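>>> pasting a predicted model and its sequence here:
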There are 4 protein chains.
Amino acid sequence: MATIGIGMLGYAFMGKAHSNAFKKIAYITWPPPLEPKLVGIAGRNTDAVEEAARRYGFEYATGDWRRLVEDETIGLFDNGGPNSLHAEPTIAAARAGKHVVCEKPLGRDAVESYDIWRAVDATGVKHMCAFNYRFVPAVRLAREMVDAGELGEVRHFRGRYLQDWGDDASLDTWRFDVDAAGSGALGDLMAHVVDLARFLNGEPTTVQGFTHTFLPNRRVDDAVEAAVTFENGSVGTLEATRFAHGRRNALQWEINGTKGSLAFDMERMNELQVFRADGDRARGFKTVLVSEADHPFWQHWWPPGHIIGWGDTFVHELHHLLEAIANDTSVAPYGATFEDGYRAAEICDAMVRSGASGGRETITFRA
Amino acid sequence: MATIGIGMLGYAFMGKAHSNAFKKIAYITWPPPLEPKLVGIAGRNTDAVEEAARRYGFEYATGDWRRLVEDETIGLFDNGGPNSLHAEPTIAAARAGKHVVCEKPLGRDAVESYDIWRAVDATGVKHMCAFNYRFVPAVRLAREMVDAGELGEVRHFRGRYLQDWGDDASLDTWRFDVDAAGSGALGDLMAHVVDLARFLNGEPTTVQGFTHTFLPNRRVDDAVEAAVTFENGSVGTLEATRFAHGRRNALQWEINGTKGSLAFDMERMNELQVFRADGDRARGFKTVLVSEADHPFWQHWWPPGHIIGWGDTFVHELHHLLEAIANDTSVAPYGATFEDGYRAAEICDAMVRSGASGGRETITFRA
Amino acid sequence: MATIGIGMLGYAFMGKAHSNAFKKIAYITWPPPLEPKLVGIAGRNTDAVEEAARRYGFEYATGDWRRLVEDETIGLFDNGGPNSLHAEPTIAAARAGKHVVCEKPLGRDAVESYDIWRAVDATGVKHMCAFNYRFVPAVRLAREMVDAGELGEVRHFRGRYLQDWGDDASLDTWRFDVDAAGSGALGDLMAHVVDLARFLNGEPTTVQGFTHTFLPNRRVDDAVEAAVTFENGSVGTLEATRFAHGRRNALQWEINGTKGSLAFDMERMNELQVFRADGDRARGFKTVLVSEADHPFWQHWWPPGHIIGWGDTFVHELHHLLEAIANDTSVAPYGATFEDGYRAAEICDAMVRSGASGGRETITFRA
Amino acid sequence: MATIGIGMLGYAFMGKAHSNAFKKIAYITWPPPLEPKLVGIAGRNTDAVEEAARRYGFEYATGDWRRLVEDETIGLFDNGGPNSLHAEPTIAAARAGKHVVCEKPLGRDAVESYDIWRAVDATGVKHMCAFNYRFVPAVRLAREMVDAGELGEVRHFRGRYLQDWGDDASLDTWRFDVDAAGSGALGDLMAHVVDLARFLNGEPTTVQGFTHTFLPNRRVDDAVEAAVTFENGSVGTLEATRFAHGRRNALQWEINGTKGSLAFDMERMNELQVFRADGDRARGFKTVLVSEADHPFWQHWWPPGHIIGWGDTFVHELHHLLEAIANDTSVAPYGATFEDGYRAAEICDAMVRSGASGGRETITFRA
């Protein structure tokens, strides 16, 4: 079986999620498109990165990501480091001929994201921005239903990502460091909302809204609120916050169309709510447990009703990338490319501008 | 038992709802503060208003609302007519010394609403704008919890009113006639959202958003989308639409505070979702069936768990007004006064202005 | 409009529910089949029954139900008294030529129930046993779907009625008095479960189970548990309890058939869960808000999504009886006759016998 | 790090689930109590078992389970074969000094289960019967709450395991072969219900009920229905079926106690419904997302709200066994021993006897 060497930057939350995914791909997706070999893992905390290497089975740990870039046995560079470490290592890896996957947000703003995209795209390698929620079976099923015209003409998209861990002034992580993160809820959570809005409903055209910081000494935004219009004529609201007490990981969205509607909540990620305007006297939203043999990704898993977890979205995501590499097929449209990463950043930046100016911001994308 | 004569303008949807409420007040709330006597009902369609009189037991029907205003046996004028018939009859009734209740929206815009409020308030009668959702037991319970500080510092309010009957170009009612209605989803649905936002979370300070009309020949708005800030420092989104396929009467709101959160959906109006940040290892939202002996309005009803319906909110609302009349107490804060009706209109108008200008609109209220 | 005089025995919980229903029938169902006139109300507590007469508008109150039986202006005798007062007054009223409606359980056991049925049926009047849950719109919709074959071959029926108010040794009502009530959860709650099982799934053939009393000094049963088989080949479980802490009025049932399944919870009485085995890739239970124009009973009410309450089931029930009287049509199959009341008692008694003997009890009905 | 060699019998559904678990234990639980080494896998279909060995990384495949028993590098024998292959290989492995884990049901009836237990227990190895649902975080949390007295005096336990794949006469697997499986829904599904009943509520004392076969040519039961009493004085119902159309993997249970109640549905396995009778005016069941840092098993996983899947219950289960082996601690009470496997079989057999005799069966356990 053909293999691919993996070099990983970052060993914490995302490092664990991605390592787990590569290890499961080897036997849950069978046969895997390429067998991942965990070659090297990089990070600044020497003890931690060495323990991560032992834990996940990387051949070596390093304090310098450049060693991964230079390692010819590495074919895929996986960047799960802080946002400030997305641009340089990712571009360097691509220029060294490695395929690249980079966590979201791609850059700390639209300009940086654009630069990453253009620089990497110019090298010809495969690139994927790790918007893993595209790889929830219920989200993919939704996309397939949209593509098949099952919703008819879309009237509304409303999305929000609600968490509540941020309302604590004593917290201190890179996620609150404006230099390391670029932004707060905006890049961390709203980027996901925007990506799913684009994935399911196409491009937004205008936003009106603002970012907001609740805690006096916090240097990044805590929440984002916006009204939005879309190219397809639909309208809605977009929200992201780390201050919605009681909501742990509530990435919720709903689409309403003339033939049907869909609704989703990441806290019940195995379910899709499906409404069909089909004239059935029994009219209402179905709670669909997305775990049937003919549902997306389910060929890899268990009998119907035996649900999967959040970590498994990364299995699907990285499997998709390995397929694209193995078969030289496109990461798009099901996977997010770096262009998708850039476009999400462009839309997020428009929310910041709208907050500053008070005005409606038109979204324009650079080519 | 003291009685009060009721004169009603409008015999259709709201006429039925209000008549039913007055009839039930007489025995469900016991003893009633005043026994309502259904004296006269007015409307333009002679046959229909005469049948309504027979059906609900009014002593007479009339094609001219002025007869009600002149009828000295009438102590309370209840205006459930089209929006264009709110101002003149209501003001006339108040000037004739009758207490008044008027359906929402109070006027067709902020200017008309302001004029109604000031003219009526000057007469000294009791006035109530019929925002009946304040009288859902779950909503009143929420208000009591907010007032008691059980939510702590509020971070977010998000509200939306989703219906789906409007997406039909063949529909023809006064609700789509801009002269009769003033607006579409804005006055019909967003006014409710705004009133509950104010009732539960205080005054909004700014809005950014727009109204939107989907159907080419429709002369009123079909949907409204906005981002909002509040005086108490919280932020959120507000939405109203007649185009959310699959949602029938989904007036949904959620408040997140540092000590707790609440969520509600009018389609499950007997339930309040309650989250308390109390350190219980069993952390989550409770589904509270608001039907306990110590819950709001429940002294009138059944044993716990035996739920009430949408129509019963009007029983509570008009009972509250009769109490205010009987005891000469204030309609506020639990009931909406005409000032509340005006303020809701001011906020709705700001959304229209934001849509026109693209800019953030600051809310200011006239005294 | 033709009228019918109502004589009522009982003024408390059921007296309030039935009086409210008769008053609403007069205008919510329009035109009503017969206009109910509240003539007389009887009860042992003089002050209470007199206040009830004033409250609900009965022409007179009396301490002696025989006065109602002798009153020739009364055409319908409504018995909501304690179970021990079901037999004699109901039979006397029927023999006096009055139509009769009697609360469930019909008698305190199968023998008494049989005697009531046979005695009343012999007089030729209309008789209805007040199993009001047949008149929940979701339950009637379920019945219509079953009748239309939409479930295919039925495999399972499971029903339970869970309340929690009984777990308090200090409680003292006639419901715990074995002479007045005959039984506890059995006649109060299990009778409803059994009636809905019969209404939706046909006759049970055997039961195995028992009644159980938790509190040492309680003289009636607190809970009932049974396994059951049905004539149509389906099997399941039946349960009733006043000791399910956290459940207030949870009459829950589910039917599984080869073409579809239905599920219901009285705490969300406006909803029916509907599963159709129709091959749709989006497979799951729909949450149907039973409030559409073409749904049962909805011609009387509001626009879709504007839900009704527990009390309104009595409006439907007594309206159905008035239609049967006005048109001389059958109370069956949608309404429960006294034969249905007897049959429910026969099945409940079989559970008692199974508890005593430990054996499987075959259900046989007397003709 | 100390290692343990794994020998596995069975390569299909359970083989996949257990292999996945051993592979994840090595890095998700960190450091693992023992590092699992996948040594050998046995099965009758040569091609399939060889592919399984390649897929999951076993050193060798074999058509003869005796080779695993004889292999001195194997320290743990994992039996996921058909029920008819539970007794002999498991006993042989234990007698060869290997620790053993065996899928449920332990044997095909109580006699066989008893023999396995006694034979294996006599060898002194660790033994676990793979009732994996004990290792759902919500179930363990429930157990901890019960143990802490948070439910008070228990009144009810009701459990059911509803699936719907069995209603197809064309199906042909060893699960319908009475010799290979011993029983149908009884050993496959009811055994789980019974084990959770015992785990959460202690020993049943009597059952009344029956097994039922719907399809004419099927040689095993399709459904089981029973009423049950418990040593702690509580009562309830138990059900298992492969014929509940619309239910895919609905292992549902509810416990009601004087201080609180809990409810669970495996289709939403990350949630526990928690009711506390604590006098809070906001009274109701909480939807607890069991994913907090202080929740069972969560030290291994993700931030709150990032849920896990069905397959992960095996990670917890086999990790628990490895801990017991590494530290020479008891598998009980959180894990099911072979005695637990035997006791579940004893209770299931009592249901069969009750079905045959019609009588109430008292549960007695052999020592």
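Received the coordinates, thanks.
>>> count the residues that sit near residue A:47.
For residue A:47, the count of nearby residues is 9 (other Cβ atoms under 10 Å in any protein chain shown). For every residue, glycine as well, the C-beta is placed using N, CA and C.
>>> state the helix or strand in which it lies.
For residue A:47, the host element (DSSP states H and E) is helix A:46-56.
>>> now do that helix: everything it contacts.
Under the criterion Cβ atoms under 8 Å, 6 or more residues apart in numbering or on different chains, residues A:11-12, A:15-16, A:19-20, A:23, A:38, A:40-43, A:58-63, D:27, D:30 lie in contact with helix A:46-56.
>>> pull out the buried residues from the residues you listed.
Among the contacts of helix A:46-56, those classed as buried by 16 or more other Cβ atoms under 10 Å in any protein chain shown are A:11-12, A:15-16, A:19-20, A:23, A:38, A:40-43, A:58, A:60-62, D:27.
>>> could you say what helices and strands the helix or strand just after the helix holding residue A:47 packs with?
For helix A:46-56, the succeeding helix or strand toward the C-terminus, using DSSP H and E, is strand A:60-62. Judged by 3 or more Cβ pairs under 8 Å, 6 or more residues apart in numbering or on different chains; DSSP states H and E, strand A:60-62 is in contact with strand A:35-42, helix A:46-56.
>>> can you redo the ones you listed as CSV with mean pLDDT and distance to residue A:316?
Formatted as CSV, the entries for the helices and strands packed on strand A:60-62 read as follows, by pLDDT from 0 to 100; distance: least, Cβ to Cβ, whole Å:
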stretch, mean pLDDT, distance to residue A:316
strand A:35-42, 98, 14
helix A:46-56, 97, 19
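>>> pick the most buried one from the ones you listed.
Neighbour counts averaged per stretch over those are highest for strand A:35-42, at a mean of 22; criterion: mean count of other Cβ atoms under 10 Å in any protein chain shown.
>>> that one pairs with which strands, and in what direction?
Applying DSSP bridges, strand A:35-42 is found paired with strand A:3-9 (parallel), strand A:60-62 (parallel).
>>> burial check on residue A:333, number of neighbours?
12.
>>> now do it, the pLDDT please.
pLDDT, residue A:333: 98.
>>> and for residue A:224?
Predicted confidence (pLDDT) for residue A:224: 98.
>>> tell me the SS of it?
strand (DSSP: H, G, I helix; E, B strand; the rest coil).
>>> how about the secondary structure of the residue located most distally from the centre of chain A?
Going by Cα atoms, centre = their mean, the residue of chain A most distant from its centre is residue A:281, 38.6 Å out. Counting by three-state DSSP, the backbone at residue A:281 sits in coil.
>>> nearest spatial neighbour of it, skipping sequence neighbours?
Among residues not flanking residue A:281 along the chain, residue C:294 sits closest, at 6.0 Å (Cβ to Cβ, 6 or more residues apart in numbering or on different chains).
>>> neighbours of the one you found, how many?
Count around residue C:294 with other Cβ under 10 Å applied: 9.
>>> that one should be in a strand, yeah?
No: counting by three-state DSSP, residue C:294 is not part of a strand but coil.
>>> which stretches of chain A aren't confidently modelled?
Regions of chain A meeting the criterion pLDDT under 70 are absent.
>>> now do the helices in it.
Secondary structure of chain A by DSSP state H: the helices cover A:13-28, A:46-56, A:65-70, A:87-95, A:110-121, A:137-147, A:178-181, A:185, A:191-201, A:312-327, A:338-357.
>>> next one: the residue farthest from the centre of chain A from chain B, what distance?
In this view, residue A:281 and chain B are 14 Å apart by Cβ to the nearest Cβ, to the nearest Å.
>>> residue contacts, that residue?
Residues near residue A:281 by Cβ under 8 Å, 6+ apart: C:141, C:292, C:294-295.
>>> now residue A:116
By Cβ under 8 Å, 6+ apart, residue A:116 lies in contact with A:86-87, A:90-91, A:102, A:106-107, A:338, A:341-342.
>>> out of the strands paired with strand A:35-42, which is the most enclosed?
Greatest burial across those, using mean count of other Cβ under 10 Å, falls to strand A:3-9, with a mean of 24.
>>> hmm, back to that, figure out which of the helices and strands packed on strand A:60-62 is closest to residue C:81.
Residue C:81 sits nearest to helix A:46-56 of all these, at 73.2 Å, using Cβ to Cβ.
>>> okay, now residue A:64: neighbour count?
Neighbours around residue A:64, by other Cβ under 10 Å: 11.
>>> sorry, slip of the keys, the one I care about is residue A:232.
Residue A:232 has 14 nearby residues by other Cβ under 10 Å.
>>> would you mind confirming that it is in contact with residue A:154?
Yes: under the criterion of Cβ atoms under 8 Å, residue A:232 makes contact with residue A:154 at 5.6 Å.
>>> quick check: neighbours shared by the two?
Counting by Cβ under 8 Å, 6+ apart, the contacts common to residue A:232 and residue A:154 are residue A:201.
>>> please, where are all the strands along the stretch 101-250 of chain A?
A:127-129, A:154-162, A:204-212, A:223-230, A:235-241, A:250-257 (DSSP state E, counting those that start in this stretch).
>>> relative to strand B:235-241, how tilted is the fourth one?
For the pair strand A:223-230 and strand B:235-241, the angle between their directions (axes from the mean of the first three to the mean of the last three Cα atoms, to 10 degrees) equals 30 degrees.
>>> partner strands of strand A:223-230 and their direction?
Strand A:223-230 has these strand partners (DSSP bridges): strand A:204-212 (antiparallel), strand A:235-241 (antiparallel).
>>> now those strands as JSON lines including mean neighbour count and distance to residue B:257?
Shown next, in JSON lines, are the strands paired with strand A:223-230 (neighbours: other Cβ atoms under 10 Å in any protein chain shown; distance: least, Cβ to Cβ, whole Å):
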{"stretch": "strand A:204-212", "mean neighbour count": "24", "distance to residue B:257": "15"}
{"stretch": "strand A:235-241", "mean neighbour count": "29", "distance to residue B:257": "13"}
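>>> coming back round to it: now do the helix holding residue A:47 against helix A:13-28, angle only.
If you take the same axes, to 10 degrees, helix A:46-56 sits at 20 degrees to helix A:13-28.
>>> what comes up buried for stretch A:302-318?
Neighbour-count burial for stretch A:302-318, counted by 16+ other Cβ under 10 Å, picks out A:302, A:304-318.
>>> farthest pair within these?
Within these, A:305 and A:318 form the most distant pair, 25.5 Å apart (Cβ to Cβ).
>>> hmm, back to that, possible to save the contacts of residue A:116 as TSV with distance to chain B and neighbour count?
Shown next, in TSV, are the contacts of residue A:116 (distance: Cβ to the nearest Cβ, whole Å; neighbours: other Cβ atoms under 10 Å in any protein chain shown):
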residue	distance to chain B	neighbour count
A:86	29	26
A:87	31	20
A:90	33	30
A:91	35	21
A:102	30	31
A:106	25	36
A:107	25	25
A:338	29	27
A:341	24	29
A:342	24	25
